[in-house]
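1. no FASTA, just this:
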């Protein structure tokens with residue numbers, strides 16, 4: 001931030017957060033396996049405020065981890081080709097609670113329809129495969145990093161309670 005610039009307001013930060021979410025189609029996943037070992041992966045996602053949705057195969061290690069542990073970390077990060085500095089890429093990190101969405105639930109089909117609309121026809125093909133599960137990722141806590149010295153704690157899923165993290 002320039003020396004005389006005022007810090008961003010919560011509405012400005014919320015707008016930047018939503019813009020980053022809108023630009024991206026996949027997120028990075030951090031899960032723990034049954035031995036407590038971390039595993040990193042990625043998956044396409046749908047964001048319908050306040051939740052993220054992922055449609056994942058039982059054949060993927062992260063799916064087993066998500067269903068068994070019921071928690072994960074996710075990261076959405078600016079494309080490195082768009083970043084002004086590779087050491088300070090804009091990114092969002094969230095700790096999430098994981099909830100399976102039952103195939104007979106009221107919103108299962110509408111979520112997959114929205115996912116197909118946003119992510120393309122592959123979702124339609126995957127819907128016919130028996131090993132795919134729809135998971136809801138629910139916000140627990142978060143952090144938004146805009147660059148050096150510009151990190152913010154996100155305290156609620158509406159992105160209306162955001163506080164700068166300082167070294168003090």
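-> Sure, I can see it. Nothing here was measured: the structure is a model prediction, and the numbers come from that model.
2. what's the mean pLDDT across the strand or helix carrying residue 163?
-> Here residue 163 sits within strand 162-164, counting by DSSP states H and E. Mean per-residue pLDDT for strand 162-164: 95.
3. counting contacts, what elements does that strand pack onto?
-> helix 10-23, strand 150-154 (3 or more C-beta pairs under 8 Å, 6 or more residues apart in numbering; DSSP states H and E). C-betas here are computed from N, CA, C, even on glycine.
4. got the ones you listed as CSV, with distance to residue 126 and mean neighbour count columns?
-> Listed next are these as CSV, based on distance: least, C-beta to C-beta, whole Å; neighbours: other C-beta atoms under 10 Å:
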stretch, distance to residue 126, mean neighbour count
helix 10-23, 22, 14
strand 150-154, 31, 18
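5. mind putting the ones you listed in TSV, mean pLDDT and distance to residue 144 included?
-> As requested, those are exported to TSV (pLDDT from 0 to 100; distance: least, C-beta to C-beta, whole Å):
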stretch	mean pLDDT	distance to residue 144
helix 10-23	96	6
strand 150-154	96	5
